[in-house]
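In: Next one to model:
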Amino acid sequence: MRRVRRNPMPDSRAANVTVRLVFLARLREAFDSAGETLSMPGGATSVGAIIAALRQRGGAFAAELAPGRAYRVAVNHAMAGADVAVNDGDEVALFPPITGG
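Out: Numbers count the residues shown, from 1 in each chain. Purely as a prediction, here's the structure:
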């Protein structure tokens, strides 16, 4: 009788999700950075979770990303709301609303 080898149980610890953050316009100035790499623990994450993690830093991040402040988010160049899933390797851009005349 031939034994079938089964796959081991999946690791219950989820991998980190690492994203590339890009800060544009006034946010680039406020954060004194054009961007960074951010690693979110626990696997699956969302735009809202990333914003919450940035707010927890305090200072300019808390002020500029506070509820009621005007900013937009794009994931891989597509506009995204707080509930949009973010995957490992995605680019997440934060920027003020575009106005013109």
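In: Tell me where the chain has helices.
Out: Secondary structure of the chain (DSSP state H): helices located at 26-31, 47-55, 59-64.
In: Neighbours of Ala30, how many?
Out: A count of nearby residues for Ala30, using other CB atoms under 10 Å, gives 16. The C-beta positions use only the backbone N, C-alpha and C, and glycine is treated the same way.
In: correction: Leu27
Out: Leu27: 23 neighbours (other CB under 10 Å).
In: how much space between it and Gly35?
Out: Distance, Leu27 to Gly35, by CB to CB, to the nearest Å: 10 Å.
In: got it, and Phe23?
Out: 6 Å.
In: More neighbours: those two, which one.
Out: Neighbour totals were compared for Phe23 and Gly35, and Phe23 leads with 23 against 17 (other CB under 10 Å).
In: Make JSON lines from the helices of the chain and add distance to Gly89 and mean pLDDT to it.
Out: Formatted as JSON lines, the helices of the chain follow (distance: least, CB to CB, whole Å; pLDDT from 0 to 100):
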{"stretch": "helix 26-31", "distance to Gly89": "22", "mean pLDDT": "97"}
{"stretch": "helix 47-55", "distance to Gly89": "14", "mean pLDDT": "98"}
{"stretch": "helix 59-64", "distance to Gly89": "23", "mean pLDDT": "98"}
